[in-house]
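K.L.:
Below is the sequence, then the predicted model.
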Amino acid sequence: MAEARTAATVLESRDPSLMLLTVEEAARRLRIGRTTCFRLVLAGEIESVTVGRLRRIPANAVPAYVAMLRHRPAEAA
């Protein structure tokens with residue numbers, strides 16, 4: 001049963017027709033942790049919306065965040 005649920009989750013997270021993603025789905029697409037993704041949402045770095053009591057990330061906000069990172073000047077070490 002767990003294998004079927006995992007396969008469904010993988011397919012769902014890669015479905016290009018999804019307009020709104022959960023924070024977990026967005027984190028998987030970015031290959032970052034769930035907590036890190038929540039921090040980025042709370043900081044306003046990744047766009048999010050509320051639907052009722054749910055927090056969702058528009059699917060196009062993920063590539064927009066990556067584009068912003070690519071154009072951000074490199075931080076000094």
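P.N.:
Sure thing, it's come through.
K.L.:
May I have the residues that are in contact with the residue nearest to the spatial centre of the chain?
P.N.:
Ranked by distance to the mean C-alpha position of the chain (C-alpha atoms, centre = their mean), the top residue is A26 at 1.7 Å. Neighbouring residues of A26 by C-beta atoms under 8 Å, 6 or more residues apart in numbering: 37, 46, 57, 61-62. (Each C-beta comes from the backbone N, C-alpha and C, glycine too.)
K.L.:
Looking at these, which two lie furthest apart in space?
P.N.:
By the measure C-beta to C-beta, C37 and A61 form the most distant pair in those, at 11.1 Å.
K.L.:
Who has more neighbours out of the two?
P.N.:
C37 (26 against 19; other C-beta atoms under 10 Å).
K.L.:
now, which of the contacts of A26 sits nearest P16?
P.N.:
V62 (11.5 Å).
K.L.:
The closest one should be in a helix, yeah?
P.N.:
Yes - looking at V62 with DSSP: H, G, I helix; E, B strand; the rest coil, it is inside a helix.
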